[in-house]
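**Q** Could you work out the structure for the sequence below:
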Amino acid sequence: VDVLGSMLDSVGSYMGLTPGGTPDAPNSGGEGTKRKPLSSSYFTRIEAVDFAIRQDDGNLLKNLANADIVLIGISRVQKTPLSMYLAQQFGLKVANLRICLGESLPPELFEVEPRRVFVLFAHQDY
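**A** Got it, this is the predicted structure:
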């Protein structure tokens, strides 16, 4: 059953184009677009984003040791946006953890290799 055919014909007629029938077919003499094949780096980045989402704001502390980078800092120092950026752009598994005055750091943090832990801070002049 052709569900979209008549709709595509109507849209094509309105736009003055002829549907090519395949996603990469040329339209009205154009070059057409071909999807790039999905690479291993794409899947690495997707896994890193998923990791960053799951580890946001100290969730799943048992996984801190699996992070490439652990960001710690007070609220509103942009830990989550930085985590997402590093995951999307570089495929790094980033966890972030909020620290509060008067609260002790979780013991799981001390199991992480120190060179992978970064502290973000806010300064009143910025």
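**Q** Please count neighbours and contacts with C-alpha atoms only from this point.
**A** OK.
**Q** show me what contacts Gly73?
**A** Gly73 makes contacts with Lys79, Leu97, Arg98, Ile99, Val119, Leu120, Phe121, as judged by Cα atoms under 8 Å, 6 or more residues apart in numbering.
**Q** wait, doesn't the fourth one sit right on Ile72?
**A** Yes: with contacts counted by Cα atoms under 8 Å, Ile99 reaches Ile72, the gap being 6.6 Å.
**Q** Between these two, which has more neighbouring residues?
**A** Neighbour totals were compared for Ile99 and Ile72, and Ile72 leads with 22 against 17 (other Cα atoms under 10 Å).
**Q** Now do the helix or strand the more buried one falls within, average pLDDT.
**A** Element membership for Ile72 (DSSP states H and E) is strand 69-73. The pLDDT scores in strand 69-73 average 96.
**Q** Buried residues, stretch 67-79. List them.
**A** By neighbour count on 16 or more other Cα atoms under 10 Å, the buried set for stretch 67-79 is Ala67, Asp68, Ile69, Val70, Leu71, Ile72, Gly73, Ile74, Ser75, Val77, Lys79.
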